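[1] coords please:
(one chain, ligands or ions: 1)
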Amino acid sequence: MSLLVVGSVALDTVETPFGKAEDALGGSATFFAAAASLLHPVQLVGVVGDDYPTDALGFLAERGVDLAGLETAPGESFRWSGVYSYDLNSRETLETRLGVFADFRPKIPEQFRDAEWVFLGNIDPELQIGVLDQVREPRFVACDTMNLWIEIKRSRLLDLLRRVDLLMVNDAEARQLSGEHNLSKAAAFIMERGPRYLVIKKGEHGAILFTPHSVFFAPGYPLEVVFDPTGAGDAFAGGFMAHLAQSGRMEDADFRRAVVYGSVLGSFAVERFSIERFRDLTADEIEERTRQFRDMTMFELGVDAGV
Ligand code: AMP
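    The predicted structure is shown next:
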């Protein structure tokens, strides 16, 4: 039940109202792998420059992240920097320095090509398609994207959508892609173009899952400490995909639980800078928060219920 992620491996400089982290471990593949590997082994494909502190990823390797697909190329690593507003709901990108990422052409190692569960992190849709051309018969492919690609690579993105099972985007991206303000209409637009499943993330307000049969909603976990929202979406994807890979099934109930695991892992990601929270996070803590999610959202029907 192998789980493959392809995405950015970055150095992030992030400023929040609570402090600043410089050149911290980041990138979509890094956040995904840090979260997912708490539930299931991960195969990672990405690129870093020769300035990357690759040893710092050692703890991921120790817990089942296979870094055989992490290429080191001569030059500077991908760097991203951003600053968050006081309420942490909006962020401004201050700088994106592509470095070796500019020439990144993902090469999937032979031993990863039979991956059954594939997550295409947010990179150029052209490259995401290139990955799909290299994997043999994945059972389930999910992908992420962003405003930039919707704007400048729309046609390739639509080509990609025809080949994936699930798209995972935030509400603004769903609206931009579909041209629909209403999220149900946006979902219908997207699902007519390929993916049978769609997750629309709404930051701290939760996430909506659309399947061919139903709609499911999970709230955001009501955290008291939100330190750095960077990577929450990728950690969500990690929890979501790792749960599916772990269950090995694709029933509605599996997808619903996957959304909750996504929300749980996303909620842990924001409690500290970078991937720090995932260093010592335990399976028990994950299960405990998952149970709290169930308790928070369960109710009984009828005026006399539970009396
Ligand atoms: P998220 O907060 O889930 O949007 O993910 C933030 C992560 O995405 C950061 O760790 C960045 O390094 C990475 N990132 C930001 N911009 C890009 C980009 N254009 N391509 C790939 N990764 C990016």
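
[2] Name the nearest residue to L223, ignoring sequence neighbours.
    Spatial nearest neighbour of L223, excluding adjacent residues (Cβ to Cβ, 6 or more residues apart in numbering): S267 at 5.8 Å. Heads up, the C-betas are built off the backbone N, CA and C, glycines and all.

[3] which SS state does the closest residue to L265 other than its chain neighbours fall under?
    Leaving aside its sequence neighbours, L265 sits nearest to G239 (Cβ to Cβ, 6+ apart; 3.1 Å). Assigned with DSSP: H, G, I helix; E, B strand; the rest coil, G239 falls in the helix class.

[4] thought G239 was touching S267?
    No: shown here, G239 and S267 do not form a contact pair, counting by Cβ atoms under 8 Å, at 9.4 Å.

[5] Neighbour count: those two, which is higher?
    G239 (30 against 22; other Cβ atoms under 10 Å).

[6] near the ligand, which residues of the stretch 201-307 of the chain?
    Within the stretch 201-307 of the chain, the residues that sit near the ligand (Cβ under 6 Å from any ligand atom) are 230-234.

[7] moving C-terminal of the one helix or strand F255 maps to, what's the next helix or strand?
    F255 belongs to helix 252-269 when assigned by DSSP states H and E. Downstream of helix 252-269, the next assigned helix or strand under DSSP H and E is helix 283-297.

[8] and the angle for that following helix with helix 252-269?
    Relative orientation of helix 283-297 versus helix 252-269 (axes from the mean of the first three to the mean of the last three Cα atoms, to 10 degrees): 110 degrees.

[9] Now do the helix or strand where L167 lies: which elements does it pack against?
    Using DSSP H and E, L167 falls within strand 166-170. Contact here means 3 or more Cβ pairs under 8 Å, 6 or more residues apart in numbering; DSSP states H and E; on that basis strand 166-170 packs against strand 140-144, strand 197-201, helix 232-247.

[10] Say whether the ligand is contacted by that strand.
    No: for strand 166-170, no contact with the ligand is found by Cβ under 6 Å from any ligand atom; the gap never falls below 8.2 Å.

[11] contacting residues around the next helix or strand after that strand?
    Counting by DSSP H and E, the element after strand 166-170 in chain order, helix or strand, is helix 171-178. Residues outside helix 171-178 that contact it (Cβ atoms under 8 Å, 6 or more residues apart in numbering) are 145-147, 150-151, 157, 169, 181, 183, 185-187, 189-190, 198, 200-202.

[12] Send me helix 171-178 as PDB with only the CA atoms.
    Output of helix 171-178 as PDB, limited to C-alpha atoms (Å, rounded to 0.1, in the frame of the first residue of the first chain):
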ATOM      1  CA  ASP A 171     -12.100  27.800  -1.300                       C
ATOM      2  CA  ALA A 172     -10.500  30.700  -3.100                       C
ATOM      3  CA  GLU A 173      -8.800  28.300  -5.600                       C
ATOM      4  CA  ALA A 174     -12.100  26.400  -6.200                       C
ATOM      5  CA  ARG A 175     -13.800  29.700  -7.000                       C
ATOM      6  CA  GLN A 176     -11.000  30.900  -9.200                       C
ATOM      7  CA  LEU A 177     -10.800  27.600 -11.100                       C
ATOM      8  CA  SER A 178     -14.600  27.300 -11.700                       C
END
